[in-house]
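# Got a predicted model here, sequence first, then my questions.
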Amino acid sequence: MEFALNHPDKTGLITPTLKLIKMIKSITLIGLGGAIGSILRYLVTIATEARFIPSTFPYGTLLVNITGCFAIGLIYALTGKLNISPEWRGFLATGICGGYTTFSAFSYQSILLIREGHTVQFFTYVFSSVIIGMVATLIPIILVEKLG
């Protein structure tokens, strides 16, 4: 019995072995991207918050959320234009951006601001993250469409 690792079987279908290899490649790329994104998030947050300390406002997370929204918008806008494979799109969008953006931290820090009585900072943080983040996602999409 022969296993087709790099080509379709006699029926023209991709074999289960080849599907498994492609899945492992995708998972590996996403995992590597996640590690890169997490490290970037840590470095950006530390650098940003070192500049604004002492502050109860989470500037580092806000910067990461906005730049992460911009990055994912750019990745998805350019995916079709540059013929980026699904595996590499997974590496960039799911991996790097998924590891980099911090909406779980956003949620926790928002609750923390409210619980500590920083109501104005809470609303500023939530509004800035959501509205500016959406605008930051939309800008590269529109730019790529207009340039393309």
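Looks like it came in fine. Everything numeric in this text was worked out from a predicted model, so none of it was measured.

# Contact partners for the residue most central in space within the chain?
Most central in the chain under CA atoms, centre = their mean is Cys97, positioned 1.7 Å from the mean C-alpha point. By CB atoms under 8 Å, 6 or more residues apart in numbering, the contact set of Cys97 is Gly33, Gly37, Gly68, Ala71, Ile72, Ile75. Using the backbone N, CA and C atoms, a C-beta is placed for each residue, glycine as well.

# Mind pulling up the pLDDT for Ala105?
Per-residue pLDDT puts Ala105 at 83.

# Quick check: it vs Pro16, distance?
Noted for Ala105: a distance of 39 Å to Pro16, by CB to CB, to the nearest Å.

# Those two: which has the busier surroundings?
It is Ala105, of Ala105 and Pro16, that has more neighbours when counted by other CB atoms under 10 Å, with 16 against 10.

# Let me know the helix or strand that the more buried one is in.
Assigning secondary structure by DSSP states H and E places Ala105 in helix 103-115.

# Give the next helix or strand downstream of that helix.
From helix 103-115, the next helix or strand downstream (DSSP H and E) is helix 119-127.

# can you pull the alpha-carbon coordinates of the helix or strand just after that following helix into PDB?
Where DSSP H and E defines the elements, the next helix or strand beyond helix 119-127 is helix 133-147. Only the C-alpha atoms of helix 133-147 are listed here, as PDB (Å, rounded to 0.1, in the frame of the first residue of the first chain):
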ATOM      1  CA  GLY A 133      -9.800  50.400  17.000                       C
ATOM      2  CA  MET A 134     -12.600  50.100  14.400                       C
ATOM      3  CA  VAL A 135     -11.400  53.100  12.600                       C
ATOM      4  CA  ALA A 136      -7.800  51.700  12.700                       C
ATOM      5  CA  THR A 137      -9.100  48.500  11.100                       C
ATOM      6  CA  LEU A 138     -11.100  50.300   8.400                       C
ATOM      7  CA  ILE A 139      -8.400  52.700   7.300                       C
ATOM      8  CA  PRO A 140      -6.000  50.200   5.700                       C
ATOM      9  CA  ILE A 141      -8.900  48.400   4.100                       C
ATOM     10  CA  ILE A 142     -10.100  51.600   2.400                       C
ATOM     11  CA  LEU A 143      -6.500  52.600   1.500                       C
ATOM     12  CA  VAL A 144      -5.800  49.200  -0.100                       C
ATOM     13  CA  GLU A 145      -9.100  49.200  -2.000                       C
ATOM     14  CA  LYS A 146      -8.400  52.700  -3.300                       C
ATOM     15  CA  LEU A 147      -4.700  52.000  -4.200                       C
END
